[in-house]
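> can't give you the sequence, but here's the structure:
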Ligand code: DC
């Protein structure tokens, strides 16, 4: 098969990235986490102490900062102004800043251009909010991954606690998820949407392996 793309969209904590990583590994293709790119922009605003909601400040920041995506042994690293910040972008503070900053067109245009450029020449799994609807509307395969907000909050909390972060309660995590759902779905520029042709995967209904098998069955059918 020549280079092809798999688009996986869905809300925060739906299990997209676990699924996308597993599928990429199984198929021996690359994985691009587009959320990590918005997270890096959010982190850049925090580091510069500017509001991620201020269009003028963010526009200036985007002109000044240098964001790179590097793949080291097939693993994505985010480089901000020459520093590898991959380990700094998963905090609750960065999650909220990423959701805020990703609503601004100046940020989206720059990230979407980079994403198209990265995924053009090789087979890629991409996960995000607007992959099928905007970044790669011609992607060969399109999936929409979802789960109840309560399940997603439970997963997020477990993930944070596994990393030794006990700073947030279940209620706080749920509130963050609901805040991001609301913003990511209702922003003016390329919000999270489920394109009609996407195959829907409800991760409440399957195990991680079951979800992966279900997705792969659609790819194999067609190969
Ligand atoms: O998938 P994530 O939680 O790491 O994404 C972080 C934020 O980035 C999320 O709140 C919405 C935004 N995002 C986006 O707007 N478009 C994408 N393709 C990916 C993420």
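Perfect, thanks for sending it. Owing to the predicted nature of the structure, the values given are computational and were not obtained by experimental measurement. Numbering: from 1, shown residues only.
> The ligand versus the nearest residue to residue 189 once chain neighbours are set aside, what's the distance?
Once flanking residues are discounted, residue 189 sits nearest to residue 105: 4.9 Å by C-beta to C-beta, 6 or more residues apart in numbering. Every residue, glycine included, has its C-beta placed from N, CA and C. Noted for residue 105: a distance of 12 Å to the ligand, by C-beta to the nearest ligand atom, to the nearest Å.
> any bit of stretch 41-61 sitting next to the ligand?
No: applying C-beta under 6 Å from any ligand atom, one finds stretch 41-61 separated from the ligand by no less than 7.4 Å.
> From start to finish, how long is that stretch in a straight line?
9 Å (C-alpha to C-alpha, to the nearest Å).
> Pull out the buried positions in it.
For stretch 41-61, burial by neighbour count (16 or more other C-beta atoms under 10 Å) applies to 41, 42, 43, 44, 45, 46, 50, 52, 58, 61.
> In terms of helices and strands, where is the closest residue to residue 153 other than its chain neighbours?
Spatial nearest neighbour of residue 153, excluding adjacent residues (C-beta to C-beta, 6+ apart): residue 174 at 3.9 Å. In this structure, residue 174 sits in helix 170-186 according to DSSP states H and E.
> Check which helices and strands that helix sits against.
Packing partners of helix 170-186 (3 or more C-beta pairs under 8 Å, 6 or more residues apart in numbering; DSSP states H and E): helix 92-101, helix 149-162.
> got the ones you listed as TSV, with mean neighbour count columns?
Output for the helices and strands packed on helix 170-186, formatted as TSV (neighbours: other C-beta atoms under 10 Å):
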stretch	mean neighbour count
helix 92-101	21
helix 149-162	16
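> hmm, who's touching stretch 102-120?
3, 5, 30, 32, 34, 37-38, 41-42, 53, 55, 58-59, 62, 67, 69, 101, 124, 126, 128-131, 134-136, 183-184, 187-190 (C-beta atoms under 8 Å, 6 or more residues apart in numbering).
> in it, what's buried?
102-104, 106-108, 110-112, 114-115, 118-119.
> One more: stretch 194-207?
194, 195, 198, 201, 203, 206.
> The residue nearest to residue 153 is in contact with residue 148, isn't it?
No: contact criterion C-beta atoms under 8 Å: residue 174 and residue 148 do not qualify, at 10.7 Å.
> Please say which of those two ends up with more neighbours.
Comparing residue 174 with residue 148 by other C-beta atoms under 10 Å, the one with more neighbours is residue 174, at 19 against 12.
> and the gap between that one and residue 135?
29 Å (C-beta to C-beta, to the nearest Å).
> I'd like to know which of the helices and strands packed on helix 170-186 is closest to residue 21.
helix 149-162 (13.6 Å; C-beta to C-beta).
> Does anything pack onto the closest one? Which helices or strands?
So helix 149-162, by 3+ C-beta pairs under 8 Å, 6+ apart, packs with helix 170-186.
> Skip the chain neighbours and tell me the closest residue to the spatially most central residue of the chain.
The residue lying closest to the centre of the chain (C-alpha atoms, centre = their mean) is residue 35, at 2.9 Å. Spatial nearest neighbour of residue 35, excluding adjacent residues (C-beta to C-beta, 6+ apart): residue 128 at 6.0 Å.
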